[in-house]
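Please find the sequence and the predicted model below.
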Amino acid sequence: MHLKLSFCAALIGAAFAAPSPRSSPHVLHEKRTVEPRNWELSHRLDANKVLPMRFGLTQSNTHRVEELLMEVAHPESPRFGQHYSPEEIVELFAPRPESISAVTNWLVDAGFAREKLRLSANKGWISLEATTAEVEDLLNTEYHVWNHPSGDQQFGCHNYSVPAHVSEHIDLIRPTVQFNHRPSPKMGGMGVPSLKNGPKKSTKEIRITPSLETCDQFITLDCLRALYNVDYTPVSTHKNTYGIVEFTPQSFLAKDLDLFFANFSPSLVGVRPTNVFIDGAVIQTTNQSFDFNGESDLDLEYAMGLTNPQKITLLQTGDLVEGAGFDNWLDAVDGSFCTFEGGDDPTQDGIYPDPLPGGFKGPESCGIIAPPFVVSVSYGQDEVEVTPAFANRQCTEYAKLGMLGTTVLYSSGDDGVAGGGGVCLNAKHQPVNNGTVFSPGFPVTCPFLTAVGATQVNPGSTVNDPESACEQVIFSGGGFSNIFPMPAYQKTAVTNFLQNHPPPFTGAQFNNSGRVRAFPDLSANGANYVIGINGEFGLVFGTSASSPVTGSLITLINDARLARGKRSVGFINPSIYSPAFASGFNDITTGGNQGCNTPGFTATKGWDPVTGVGTPNFEKLLQLFLALP
């Protein structure tokens, strides 16, 4: 038994030993969203294999999460900026005692010893170990094994059922229908090079010294400051925090940072981020190439350069063997999100301690750091790859971070209306070659984070000319969710777009109901970034540049607010969509985000699903946010 058990878990005892309701028939609880592509169904899972089962209990007040978040995030709310404490978050969302009782009694009645059950510290999960045969009988399902050409292997079930009287008390059960459609991190997942991940590299050589006159060819720190009207030096660096998430084995090279800083921000030569190692993470330097270092180098060079002298926190996530998913960094910044033995999805996230040879044997990183005021994540996946239950549970966590005062930014993707790697869907919403249905991303479709698209300085234009949607090398990810409903804060903007600029596509190509979450929320330049990479300069493209740049500007705004005794801005979407903030953005009205053999959507006046509300005008945004309580 691990020492962390005394903190992260408790025995489920007699307090929840109330008589169980009369047995009821099983009902379908979850089914796999889409069957695995490029994976081969192999065989039934060994009946004696022990599975680490985790039952996610229905949290309290999740139906109020948008309301609770708006109370502290809407600029017109009298409670704006009065963020919650971690203890208040736990209390607000802890499952009801009757949910704990119902699920506990069901498991005990099914033959599992009460003393073998564990309840997580936030009371959100019940954990137990059971054989495949026991779980199949419990959930009326069958577990199979799938093989990948890479040599990777996964197991799971197509669907599962629970008794009707238990269903309302359970959000989801793991491991079951969740399936990582990419190979595991070791075989090519989140932080490992693939067609889906990381910025795109240009073959164009940098032969001249970049200047403001050449920003249409080479984006630098000065270009961004000119484009977005930035002239501010932080003064509250001891109070402020800005986190950049990277997934091992992606890592920065110190020599690359110094190469970039020597040319564009000399006072930063020798300066490094504050490293927070999550779940056995390391800054690996064995593999050195654009694919392994490009993302981290890009994120840190521009985040550090734009916020200098603010110290940047690097949230390096996952060990070299197993890697990590989005839940892992969320565990680290919010202890209430952790569960017994991690509780993360084995098909999406790293489970620690890592049992694999050479893996991290320490305890999972559970609440090891307070959430930074701003967090930028330049990674994503396709919405079709996750179940609605999984997506909603993670999305609620982003809302909680917003309630705690954190701005969470995610890149919107680089393939326009298509999914990662340009893959689209068929009529059954399955990823296929030559698909015709648009494929939105995840987590960017979660309405409780800020999705960042990409723009460009048009060839031959200057920093004083309007930008357009990025149409060089990459296309700004944008569109409409197939899972999440439309949040109130964007209803007017999105409805206006659909009514005044109706896209030339049918409901068979995208969710045109007018009732779902639309993205991105805003944009920043994503083309022709000069970075130091592997000892030389290179040019990169991607919304993976747009997100950390936007995060840097929000960090500067937080600095000014903190200097005046105010709090961080937290979740910014209700503000940036409000009419009062319209002057704080440069509206992008040209360009598109082609994909799925279509021109995609078109940037136009007002919000659009290519560039959102536009690019930031820092000075105007600063004054608008300073005017808030």
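Arrived safely. Numbers count the residues shown, from 1 in each chain.

Could you list the low-pLDDT ranges of this protein?
For the chain, applying pLDDT under 70 flags the ranges 1-23, 180-190, 192-197, 339-348, 351.

Please name the nearest non-neighbouring residue to the spatially most central residue of it.
With distances taken as C-alpha atoms, centre = their mean, the residue of the chain nearest its centroid is P443 (4.5 Å). Counting by C-beta to C-beta, 6 or more residues apart in numbering, P443 lies nearest to Y410, which is 5.7 Å off, once chain neighbours are set aside. Placement of C-beta: from N, CA and C, glycine included.

and the stretch of helix or strand the one you found belongs to, which strands flank it?
Y410 is part of strand 407-411 when elements are defined by DSSP states H and E. Take DSSP bridges as the rule and strand 407-411 pairs in its sheet with strand 374-377 (parallel), strand 450-456 (parallel).

moving C-terminal of it, what's the next helix or strand?
Criterion used, DSSP H and E; the element after strand 407-411 is strand 424-425.

quick one: contacts of that following strand?
Residues outside strand 424-425 that contact it (C-beta atoms under 8 Å, 6 or more residues apart in numbering): 384, 417-419, 431-432, 434-439, 595-597.

where along the stretch 501-629 of the chain do the strands fall?
Applying DSSP state E, counting those that start in this stretch to the stretch 501-629 of the chain gives strands spanning 516-519, 522-525, 529-533, 536-541, 585-586, 615-616.

In a markdown table, list those along with distance to A389 and mean neighbour count.
A markdown table is the format used below for these (distance: least, C-beta to C-beta, whole Å; neighbours: other C-beta atoms under 10 Å):
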| stretch | distance to A389 | mean neighbour count |
| --- | --- | --- |
| strand 516-519 | 17 | 26 |
| strand 522-525 | 29 | 28 |
| strand 529-533 | 37 | 25 |
| strand 536-541 | 35 | 20 |
| strand 585-586 | 35 | 20 |
| strand 615-616 | 35 | 26 |
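
I'd like the ones you listed laid out as TSV, including distance to I368.
Converted to TSV, the strands of the stretch 501-629 of the chain look like this (distance: least, C-beta to C-beta, whole Å):
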stretch	distance to I368
strand 516-519	30
strand 522-525	30
strand 529-533	29
strand 536-541	31
strand 585-586	36
strand 615-616	31
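
which stretch among these comes nearest P466?
Of all the strands of the stretch 501-629 of the chain, strand 585-586 sits nearest to P466, with 7.0 Å by C-beta to C-beta.

which helices and strands does that closest one pack with?
strand 615-616 (3 or more C-beta pairs under 8 Å, 6 or more residues apart in numbering; DSSP states H and E).

let's go with 10 Å and repeat that
Judged by 3 or more C-beta pairs under 10 Å, 6 or more residues apart in numbering; DSSP states H and E, the packing partners of strand 585-586 are strand 522-525, strand 615-616, helix 618-626.

tell me the contacts of F277?
248, 283, 314-319, 332, 360, 362, 365, 368 (C-beta atoms under 10 Å, 6 or more residues apart in numbering).

Only the buried residues of the helix or strand harbouring it, if you could.
According to DSSP H and E, F277 maps onto strand 274-278. Using 16 or more other C-beta atoms under 10 Å as the test for burial, strand 274-278 gives V276, F277, I278.

Would you tell me what the next helix or strand after it is?
helix 290-307.

Restricted to buried residues, select the contacts of strand 424-425 in ChimeraX.
Selecting only the buried entries of those in ChimeraX, with 16+ other C-beta under 10 Å as the criterion:
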select :384,417,418,419,431,435,437,438,439,595,596
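
Can you say which two of the contacts of strand 424-425 are spatially most distant?
Maximum pairwise distance among those (C-beta to C-beta): 17.9 Å, between V384 and N597.

Stretch 572-586: which residues count as buried?
In stretch 572-586, counting by 16+ other C-beta under 10 Å, buried: I572, N573, P574, S575, I576, Y577, S578, F581, A582, G584, F585, N586.

State the helix or strand in which I126 lies.
Going by DSSP H and E, I126 is part of strand 125-131.

chain center to the longest helix that the chain contains, what's the gap?
In the chain, assigned by DSSP state H, the helix with the most residues is helix 543-563. Centroid separation between helix 543-563 and its chain, computed with C-alpha atoms, centre = their mean, to the nearest Å, is 17 Å.

Ok, stretch 352-365 next?
In terms of C-alpha atoms, centre = their mean, the centre of stretch 352-365 is found 23 Å from the chain centre.

Same check on stretch 523-535?
Centre to centre, stretch against its chain (C-alpha atoms, centre = their mean), the figure for stretch 523-535 is 21 Å.

Can you measure across that stretch, start residue to end residue?
One end of stretch 523-535 sits 30 Å from the other (C-alpha to C-alpha, to the nearest Å).

ditto for stretch 77-92
Note: stretch 77-92 ends 20 Å apart using C-alpha to C-alpha.

got the buried residues for that stretch?
Residues F80, G81, H83, Y84, I89, V90, L92 are the ones in stretch 77-92 that count as buried (16+ other C-beta under 10 Å).

ok, how many other residues are close to T286?
9 (other C-beta atoms under 10 Å).

Next, give phi and psi for it.
phi -70, psi -50 (degrees, to the nearest 10).

Next one: it relative to T248, how far apart?
From T286 across to T248, the span is 12 Å (C-beta to C-beta, to the nearest Å).

Give me the common contacts of these two.
Joint contacts of T286 and T248 (C-beta under 10 Å, 6+ apart) are L320.

Partner strands of the strand holding I126 and their direction?
With DSSP bridges as the test, strand 125-131 pairs up with strand 50-57 (antiparallel), strand 118-120 (antiparallel).

Which of the ones you listed sits closest to T550?
Across those, closest to T550 is strand 50-57 (C-beta to C-beta), at 31.8 Å.

Can you mark which positions in the closest one are buried?
Judged by neighbour count using 16+ other C-beta under 10 Å, the buried positions of strand 50-57 are L51, P52, M53, R54, F55, G56, L57.
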